[in-house]
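Novice: got a predicted structure plus its sequence, pasted below:
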Amino acid sequence: MNRMTTQITSAPVAAEPRKVARRRPEASSAARVGRPGFLWALPATVFFVLFAIAPLIMVAVLSFMSWNGLGSPEFVGLDNWSRLADDPVMLKSIWLTLLLTALGVVIQTPLSIVLGVWAAGHQRNRAVLSVVYFIPLLLSATAVSVLWRALLDPNFGIPARATWLFGDGNLFGGQATAIGVLAFVSTWQFTPFHTLIYQGAARAIPQVLYQAAEIDGAGRYRQFFHITLPQLRNSVITSMILMIVGGLTTFETVLILTQGGPGTDTTISAYYMYQKAFKGFDFGAGAAIALALVIAATIVSLIVVRVSGYDKMRSDMEGVS
Amino acid sequence: MSRGTRSRPNYLAGAGSLVWLFLVGLPLYVMLAATVRTRSDYAEHGPLSFPESFTLDNYTSAFDSGFGRYFVNTLVVTACVIGIVLLLVPPLAYAIVRNRSRVTSHVFRLFLLGLAIPAQAVIVPMFYLISEAGLYDNLLGVILPTAAFCLPMSALILSGAMRDISPELFEAMAMDGATPRRMFFQLVLPLSRGGLSTIVVFSALQAWNGFLFPLVLTQSDSTKVVTLGLYNFQTEHGIDIPGLLGAVVLSMVPVLLVYLFARRALVQGLMGVGGK
Amino acid sequence: MKTRVRLPRLLACGATVALALSLTACGNGDGGGSSGDGKIHVLVYGDASNKVEKQIVDKFNKTSDVKAVLDTIPGADYQQKLQTIINTPQAPDVFFNWGGGSIQPFVKADLLMPLDDFIEKDPGLKANFLPSVVSSAVVDGKTYGVPMRGTQPILLFHNREVLDKAGVKPPKTWDELLDAVKKLKDEGVTPIALGAGDRWPTMMWFEYLYDRVAGPELFQKALKGDKDAWASADSKKALTMLKQLVDAGAFGKNYDSVKYTNGSSPALLASGKAGFELMGSWYYAQQQEDAKEFAETSLGYTAFPTVQGGKGDPTNVVGNTNNFYSVLKKTKHPEAVAEFLKLMYSDEFVKAQLAIGNLPTTTNTRKFLDTAADPEYSRFQYDLVAKAPAFQLSWDQAYPPSAMTPIHQAVQQFFSGQIDADGFIKAMQALPTE
């Protein structure tokens, strides 16, 4: 993250006091008139470390131990990790996780951009419709999954009424269709959230840009690709990071819709962790998978941030990110 | 584009949004239809058919199985979580945006890392932590971790919103000799109302729909929250889908009401997430 | 400087006050766990049977100085949560379980109290229950559980109307079943409803066929770690017969997408789209709730068909043998717990269980069968279980918990053709037996 710091120094706003501040971050007062001290961040940080980071560190320690939840944990070194590295289900689960995450991003991003931009219009019907669009977000993952499982029942649900499309309706009997269902249900549940992000961002695009484009004779689609999309860039990145992190940690949907099946064909890593830890009571292996997931999510997010130059943009604005 | 070309309706996007409306509306219709019919009507005719019977039993039986109590518990949890988030996050976001020290930017990165921690990954240590603190089977034991897991997203949203406040305003106030505290209360808080209401809605949703923490950290009926009640309802009543969905609809109503009243603020606040 | 410090401090104070307030506002939990509150904590699986358990606890509290408290955990996560708390101060004194592999890890960790001393003082704790049932809670020669709730054998249910229309009689033998499958298929209905999406309903077919073909010994050997048992000729024969049934189209084509737990497979039978369904005895009450008319007019039930030339006794049953109460070693009130367990064979307990449709396995149950919710059905089950030489506990309960997922995966993959007989044998041989 050195790049950020460089960016800060070259940022247009008052570079001089900041250098002072960096040398004496806490104490200086005269040089940084009106800037809050670190103490402002302290209560939240302590709270967060206590209830999120500390347990995470305990998980990290646990990943080097063997424990079934009953006796006292035993230190086993890299045993859990090497077992996972040789475990075909684990390797398959990583591939499945990446596939589902990628599917989520590829399907949801264009969909929510289009819907979000459309809903940003000020017509009354759009406002009413966007209320309906938001509703899936209010349902817990459990309810969503129960609902869709009932809707996709091969004998009583939609497939039975549309055999031309679904054939014998055995959606959960094959890998491709089962993955398709999972991707669809996630899309159904989370697109509203991302739509809202884009709706908010689209409304914030300065109107003058469009007026200028219209004077130049640019059509609707040119305006979309040359003004709207570039202006939504930051939102795209934020929303993609959230999708990726959400995709990597998807869990309830798989638990209720497919239980990782058929066979192990939809056993994604987060679900595999749950199976290892809470069905098989191998907490050490579960902890290792959990930690691997946290690391993966962090790395992927960092890559997206770097590749997109998002960090640059942020620190060009006022403040550090 | 939506505002740029007001004259011509955009048929393509309009059609797309109608398809989406159907995709969202159909399951919602099925859910509502299922909750007003009898269990045998549903079992015999399937989810897609039009109800042949009408009954409110699914709602009353859901309510009778103790949902009143669960609602109160969930309300307490939600209110406390919102309280903690509102106390902790605004000063944090203020420091993230305005404090220039390296420590603060490390702290911010720590919170970003928190976005990637799934709750189920830390649930075992969490149980020991809460149990050691003597908070097992106590609503406070649910509130604390739930609030902690709301912090990363809330910090991201609110610092985004605070960043949109023009630096000139800070400079002007600093010229007048304003202290950071005065700026916080007179400038930052009033101007980040959108972001504040977003984090309220976000935390409220998290707390209201929270499942894993209550499941593992509570046990008796007097500490049961609505989501657990739903779950229990399912096991207690076998495979009573209409009853279950009735309970789901009941559990949605309060959140929907809040959303309807806070929607504008929510959408505005999300501009913060989008980084403008 | 001054002001800068003061505000965070103010906020910190505010936070503390808020926490203290929420403490008083929210701190109304009962505080579960047994840590020295002078009570016996009884932990049970949360479902509709809880009202009887509550009744028994109330009855116990009327006479006992040491009071009992009933705690429940919502069904599906019972085993997980139990394992999380059983070695902590929150552990209960007495807890519900399925016997077999479900308590084996606890015995290994030396957490449970052998009940043989209790039984010596009060032989009724063993003698008043059906023998085939009690043996499910024996680990390494010691008894660790007293039966509670009831037995749940697996039965073959059918839709009488559908069978009549196809000219089929409830099958007594495997060949009759295959014949029925063919006739029902010709009628255009799915011969057998199967909620394979849940996976354990598929396992039931394996359990019965292995028992009929090879007798209960094969599974017992395998459970003790004899990997050759799975590769034996009998095992292969059972698998061949299952494959035959699947290939004959007995379960239709989309069984992998059908679930039992969302009411889908029972609806197939009730709506006349399927002829049979193999399910635990709770199915009867389920159909009465979901499809009253069907349940009253044309829901039939039989024991699982016999297999010609099979080594297993044709009257053997499989299923959930029973539920049990086990006792933690560290309980501070063993005498009170012993008194509590005695209630499990009391007349009041038996009558209350029968009234809600459960079938207790006490020797005095027969006396009260007429008071059952459905006397005829209860009598059928009771005779079936009482006469059975062996009652095989469900595979996923007999093995230690870590084997559950691999078993479920293997049965599903075999039925959907993802693995063949050799693949299935390999998967079963890889199970942890401990």
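Specialist: The structure has been received and is ready for your questions. Numbering: from 1, shown residues only, chains lettered A, B, ... in the order given.

Novice: list the contacts of residue C:130.
Specialist: Counting by Cβ atoms under 8 Å, 6 or more residues apart in numbering or on different chains, residue C:130 touches C:151, C:361, C:362, C:363, C:385, C:386. Where you see a C-beta, it was placed from the backbone N, CA and C, and this is true even at glycine.

Novice: sec struct for residue A:77, please.
Specialist: Reducing the assignment to helix, strand or coil with DSSP: H, G, I helix; E, B strand; the rest coil, the entry for residue A:77 is coil.

Novice: next one: phi and psi at it?
Specialist: In this entry, residue A:77 is assigned phi and psi values of phi 70, psi -130 (degrees, to the nearest 10).

Novice: and residue C:246, by the same measure?
Specialist: Note on residue C:246: backbone dihedrals following degrees, to the nearest 10 are phi -60, psi -50.

Novice: my guess is it contacts residue C:415, does it?
Specialist: Yes: judged on Cβ atoms under 8 Å, residue C:246 makes contact with residue C:415 at a distance of 5.7 Å.

Novice: which one of these two has more residues nearby?
Specialist: In this comparison of residue C:246 against residue C:415, neighbours counted by other Cβ atoms under 10 Å in any protein chain shown, the higher total goes to residue C:415 at 26 against 19.

Novice: mind listing what's buried in stretch B:62-74?
Specialist: Of all the residues in stretch B:62-74, those buried under the rule 16 or more other Cβ atoms under 10 Å in any protein chain shown are B:62, B:63, B:65, B:67, B:69, B:70, B:71, B:73, B:74.

Novice: avg pLDDT for that stretch?
Specialist: Averaging pLDDT along stretch B:62-74 yields 85.

Novice: show me what residue of the stretch 51-200 of chain C gets nearest to chain A.
Specialist: Among all residues of the stretch 51-200 of chain C, residue C:109 sits closest to chain A, at 3.9 Å; criterion: Cβ to the nearest Cβ.

Novice: my guess is that residue contacts residue A:70. True?
Specialist: Yes: counting by Cβ under 8 Å, residue C:109 touches residue A:70, with 3.9 Å between them.

Novice: now the common contact residues for the two.
Specialist: Listed as contacting both residue C:109 and residue A:70 by Cβ under 8 Å, 6+ apart are residue C:87.

Novice: what about the residue nearest the centre of chain C, distance to residue C:149?
Specialist: When chain C is reduced to its mean C-alpha position, the closest residue under Cα atoms, centre = their mean turns out to be residue C:320, at 4.2 Å. With distances taken as Cβ to Cβ, to the nearest Å, residue C:320 is found 9 Å from residue C:149.

Novice: mind listing the helices for chain B?
Specialist: Taking DSSP state H as the test, the helices found in chain B are B:11-35, B:39-45, B:57-62, B:68-98, B:102-114, B:123-132, B:139-163, B:167-175, B:180-183, B:189-191, B:193-209, B:212-217, B:226-236, B:241-273.

Novice: residue contacts, the closest residue to the residue nearest to the centre of chain C other than its chain neighbours?
Specialist: By the measure of Cβ to Cβ, 6 or more residues apart in numbering or on different chains, the closest residue to residue C:320 outside its immediate chain neighbours is residue C:152, 4.0 Å from it. Residues touching residue C:152, when contacts are defined by Cβ under 8 Å, 6+ apart, comprise C:280, C:281, C:282, C:319, C:320, C:359.

Novice: ok, how many other residues are close to the third one?
Specialist: Yep, that's residue C:282 we're talking about. Based on other Cβ under 10 Å, the number of other residues close to residue C:282 is 16.

Novice: which non-adjacent residue is nearest it?
Specialist: The spatial neighbour of residue C:282 that comes closest, neighbours along the chain excluded (Cβ to Cβ, 6+ apart), is residue C:152 at 6.0 Å.

Novice: measure the one you found to chain B for me?
Specialist: With the distance defined as Cβ to the nearest Cβ, to the nearest Å, residue C:152 ends up 13 Å from chain B.

Novice: and that residue, what's its pLDDT?
Specialist: In the predicted model, residue C:152 carries a pLDDT score of 91.

Novice: residue C:401 too?
Specialist: For residue C:401, the predicted pLDDT is 83.

Novice: was I right about it contacting residue C:79?
Specialist: Yes: applying Cβ under 8 Å, one finds residue C:401 in contact with residue C:79, separated by 6.2 Å.

Novice: so what's in contact with these two at the same time?
Specialist: With contacts taken as Cβ under 8 Å, 6+ apart, residue C:401 and residue C:79 have residue C:102 as neighbours in common.

Novice: wait, what's in contact with residue 41?
Specialist: With no chain named, the answer covers chain A. Listed by Cβ under 8 Å, 6+ apart, the contact partners of residue A:41 are B:91, B:92, B:95, B:96, B:99, B:104, B:107.

Novice: sorry, I should have been clearer: chain B.
Specialist: Per Cβ under 8 Å, 6+ apart, neighbours of residue B:41: B:51, B:52, B:53.
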